[in-house]
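Novice: Next comes the sequence, and after it the predicted model I'd like to discuss.
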Amino acid sequence: MKIWIDADACPKVIKEVVFKASSRAQVPVTLVANSGMFIPESNLINLIIVDHGLDVADGYILKHANKGDLVVTADIPLAAQLVAKHVVAINPRGSVYNEDNVHDVLATRNLMQDLRGAGMIQGGPPPLGPKDKASFANGFDQELTKLLRARR
């Protein structure tokens, strides 16, 4: 089992939650990014730097994540592809993507993207707040616990 982080856009506070959980559960974490970033010194934490380009990090995660892994990503198209591979995906606000919801979430994302492109709405989601961090920590812990139990 491995935890993956789509790291370029992942907030620092969310990475810190994952690092603590990794240490507690002794589960390795791999961050995938287009550029270097600080990671704590740990034999459980690894950073993969991929080439710059659209969806290069996503492609790396998709190719290497396996059933039983847990991926942290805000990228809904990536999450949909991961769910199709039976990989658990959770966003930095604590929402878990699964077969029951990922297609609706993807359709909503596409609609909002079209509306923004047409100038009908502006902006994206609000900045991550303390409630989001707590929601992520709870959802992440639940999913990690499920996967660890399934491993036994």
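Specialist: Perfect, thanks for sending it. This structure is a prediction, so every number in the text was calculated from the model and none was measured.
Novice: Mind jotting down where the helices sit in this structure?
Specialist: For the chain, applying DSSP state H gives helices covering 12-25, 56-64, 76-84, 102-117, 130-151.
Novice: Mind telling me which of those the model trusts least?
Specialist: Among the helices of the chain, helix 102-117 has the lowest mean pLDDT, at a mean of 66.
Novice: okay, the helices of the chain, which one's buried deepest?
Specialist: helix 76-84 (a mean of 20; mean count of other Cβ atoms under 10 Å). All C-beta atoms are positioned from the backbone trio N, CA, C, and that covers glycine.
Novice: So what's the residue count around Leu128?
Specialist: As a burial measure, Leu128 scores 18 neighbours (other Cβ atoms under 10 Å).
Novice: Okay, Val56 and Pro92: tell me how far apart.
Specialist: Distance of Val56 to Pro92, given as Cβ to Cβ, to the nearest Å: 20 Å.
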